[in-house]
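> Here you go, sequence then predicted model.
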Amino acid sequence: MLLNNLNNDQGFRNFYMNKRGPIINHLCFDDDVILFSSGNRKSLKRIMRTLKTYEDVSGQLVNKHKSSVILHDKACARRIDRAKRITTMKQECFPINYLGCPLYLGRKRISTFSVTVQKILNKIRGWFFKFLSVGGKSVLIKHVLQAMPSHLLAVMQPPKTVFEIIENAFNRFLWSGSDGNKKLHWSSWDNLSYPINDGGANFRKLADISKAFTTKHWWKLRTKRYLWSLFLNTKYCSRIHPVTNKWRNGQSHNWKAMCSIKVLVENNLGWIIEKGEVAFWYDNWTDLGPLYKFLDPDSKPSKLRITDAYQNGHWNWPACGYVVSDFIKAHIERMQVVLSDKPDLPIWKITSSGKFNIESAWNFLRNSRHESNIVNALCHKAVPFKMSFMAWRVFHRKIPSNDIIISWFKLLASPNCTCCRVSQPENIDHIFFQSYVASSA
């Protein structure tokens, strides 16, 4: 409340990105606060006065040693010294880590995400000498290692190289020996990162998880009225509808990622009309997709709402601004729209309930493949992973039999089995089905 009252103070100059958007002077998360302000003397003094009032009323002190000020990288030395003197806080420069996530300006660099990568690598190094089985390693990868960057992927999209570094570490840990030495990787992480039903080892690719979270961002932008969604709509979509808006150079990386998947999301985002606040031309409320696609490519319809075109129980087609085809008119009139005071209801068509969830978004966006029913039976979730993973390796020819070693490494060695009395070529069929040990079992 004290910080919100600063907006009414004429001597306080706020920091804002767009005059038409929400005025934000602070963001809170638990006991952390980010304050936004201009760098002039009066504004900084009013902020410090407000913080002093909070200390006097609550009895809690602001830790100045853990606090810092961040200014533009081109700010003059006089302005920097003034901010440090008034706030009595140290200065920091981007990139910084805040609540486990890097805040940066400009290009996405691999070094910006080095803290998260290093935490994962250090965790893996501590497990190398634990004498873990393949099943134990898979549990640690699924439930510990892949969960460590999840909070980061929920808010931003690291470069592809960061994903490759982390996933290479996962694969190295899975195939390594108990002494931590490198061993042959019998399968790539791409082949393992499929569900059991698709013939994988039930791991997940970090890029697919990142896309699922980006889908959630677009869903919230289009269906919720949060402070974040209001800010983005004002900054990027004040004059253009989000469906037709495009990413431009200089705009944020998060907005770029959202624009890259919005077509797929919009095809599965429907609306149930109640109040009629959705866009007539751009929102998918007729199950035909956005209606602007039925117009000429050069047409630029306005953000007309359904309430503007549906008046007194009848459709006012001239108010639409463009000629609506007879096919669309007949389809809309068959819908029998009835407006009410309830908000329009968004529908996620992928789920039976119509509610959005991350699992459905991940399953929709990931690459899928069809696997043999034999693999599905062997890699059933009721079977211990150590046994199912061995069956998976056998089916995909990922074990060190003589014929595979000779073909992979071009070795000049005998392909025969050394355990049988009669010399026979050692291959997977011989080891598990035709050999003396296998037939007598």
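That came through fine. Remember, it's a predicted structure, so these values are computed and weren't measured experimentally.
> does residue 171 really touch residue 189, like I thought?
Yes. Between residue 171 and residue 189 there is a contact under C-beta atoms under 8 Å: 4.5 Å. Glycine gets a C-beta too; all of them are placed from N, C-alpha and C.
> Surely residue 246 touches residue 259?
Yes. Residue 246 lies in contact with residue 259 (C-beta under 8 Å); the separation is 6.3 Å.
> tell me the contacts of the closest residue to residue 431 other than its chain neighbours?
The spatial neighbour of residue 431 that comes closest, neighbours along the chain excluded (C-beta to C-beta, 6 or more residues apart in numbering), is residue 401 at 6.1 Å. Residue 401 makes contact with 426-428, 430-431 under the criterion C-beta atoms under 8 Å, 6 or more residues apart in numbering.
> and those residues, which of them are in helices?
residue 428 (DSSP state H).
> what's the spacing between whichever strand or helix holds residue 261 and its chain's center?
Here residue 261, judged by DSSP states H and E, is contained in helix 253-266. From the chain centre to the centre of helix 253-266 is a distance of 11 Å (C-alpha atoms, centre = their mean, to the nearest Å).
> name the helices or strands packed onto that helix?
helix 206-223, helix 358-365 (3 or more C-beta pairs under 8 Å, 6 or more residues apart in numbering; DSSP states H and E).
> Can you say which of those is packed in most?
helix 206-223 (a mean of 20; mean count of other C-beta atoms under 10 Å).
> now that helix and helix 358-365, what's the angle there?
With axes from the mean of the first three to the mean of the last three C-alpha atoms, to 10 degrees defining the directions, helix 206-223 sits at 110 degrees from helix 358-365.
> for stretch 139-156, what is the average pLDDT?
For stretch 139-156, mean pLDDT is 92.
> Which residues does that stretch contact?
So stretch 139-156 is in contact with 100-102, 113, 116, 119-120, 123-124, 127, 132, 158, 166, 170, 173-174, 202-204, 206, 209-210, 213, 253-254, 385, going by C-beta under 8 Å, 6+ apart.
> rerun that using 6 Å as the cut-off
Defining contact as C-beta atoms under 6 Å, 6 or more residues apart in numbering, one finds that stretch 139-156 is touched by 100-101, 116, 120, 170, 209-210, 213.
> repeat for stretch 84-99
44, 64, 67-70, 102-105, 112, 115.
> hang on, the earlier thing: would you check which pair of the contacts of stretch 139-156 lies furthest apart?
101 and 170 (21.0 Å; C-beta to C-beta).
> Name the residue in those two with the higher neighbour count.
residue 170 (22 against 17; other C-beta atoms under 10 Å).
> secondary structure class for that one?
Three-state call for residue 170 (DSSP: H, G, I helix; E, B strand; the rest coil): helix.
> Check what pLDDT it gets.
Reported pLDDT for residue 170: 94.
> Next, work out how far apart it and residue 396 are.
Note on residue 170: its distance to residue 396, by C-beta to C-beta, to the nearest Å, is 18 Å.
> that older thread, name the residue in residue 246 and residue 259 with the higher neighbour count.
More crowded of residue 246 and residue 259, by other C-beta under 10 Å: residue 259, with 18 against 10.
> tell me the contacts of the closest residue to that one other than its chain neighbours?
Closest residue to residue 259 apart from its sequence neighbours, by C-beta to C-beta, 6+ apart: residue 247 at 4.3 Å. Shown in contact with residue 247 (C-beta under 6 Å, 6+ apart): 255-256, 259.
> could I get the residues you listed as a markdown table with pLDDT?
Shown next, in a markdown table, are those (pLDDT from 0 to 100):
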| residue | pLDDT |
| --- | --- |
| 255 | 94 |
| 256 | 94 |
| 259 | 94 |
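> circling back to that earlier point, which one of the contacts of residue 401 has the most neighbours?
residue 426 (22 neighbours).
> can I assume that residue is in contact with residue 420?
No. Residue 426 is beyond contact range of residue 420, at 8.4 Å (criterion: C-beta atoms under 6 Å).
> which secondary element of the protein has the worst mean pLDDT?
helix 373-378 (a mean of 65; mean pLDDT, DSSP states H and E).
> buried sites along stretch 167-181?
167, 169-174, 176 (16 or more other C-beta atoms under 10 Å).
> How about stretch 92-112?
Buried residues in stretch 92-112 (16+ other C-beta under 10 Å): 95, 101-102, 104, 108, 112.
> Pick out the most distant pair among those residues.
101 and 108 (12.8 Å).
> where do the strands sit along the stretch 51-200 of the chain?
Using DSSP state E, counting those that start in this stretch, the strands of the stretch 51-200 of the chain run over 68-69, 90-91, 96-98, 101-103.
> Including distance to residue 284 and mean pLDDT, could these go into JSON lines?
Output for those, formatted as JSON lines (distance: least, C-beta to C-beta, whole Å; pLDDT from 0 to 100):
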{"stretch": "strand 68-69", "distance to residue 284": "46", "mean pLDDT": "92"}
{"stretch": "strand 90-91", "distance to residue 284": "48", "mean pLDDT": "92"}
{"stretch": "strand 96-98", "distance to residue 284": "37", "mean pLDDT": "89"}
{"stretch": "strand 101-103", "distance to residue 284": "33", "mean pLDDT": "90"}
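> Dump the ones you listed into TSV; add distance to residue 219 as well.
Conversion of the strands of the stretch 51-200 of the chain to TSV gives the following (distance: least, C-beta to C-beta, whole Å):
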stretch	distance to residue 219
strand 68-69	34
strand 90-91	38
strand 96-98	25
strand 101-103	21
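> Of those, which is nearest residue 183?
strand 101-103 (33.3 Å).
> Run me through the strand neighbours of the closest one, direction for each.
strand 96-98 (antiparallel) (DSSP bridges).
> and the gap between residue 218 and residue 269?
According to C-beta to C-beta, residue 218 stands 8 Å off from residue 269.
> Revised request: answer the last question for residue 349.
From residue 349 to residue 269 the distance is 7 Å (C-beta to C-beta).
> The two - which one has more neighbours?
Between residue 349 and residue 269, counting by other C-beta under 10 Å, residue 269 is the more crowded of the two (22 against 14).
> Spit out the contact partners of the more buried one.
Listed by C-beta under 6 Å, 6+ apart, residue 269 has no contact partners.
> mind redoing it with 7 Å?
222, 284, 346, 348 (C-beta atoms under 7 Å, 6 or more residues apart in numbering).
> Need the per-residue pLDDT for the second one.
Residue 284 is assigned 93 on the pLDDT scale.
> Who's the closest spatial neighbour of it, skipping the chain neighbours?
Nearest one to residue 284, counting by C-beta to C-beta, 6+ apart, is residue 270 at 5.3 Å.
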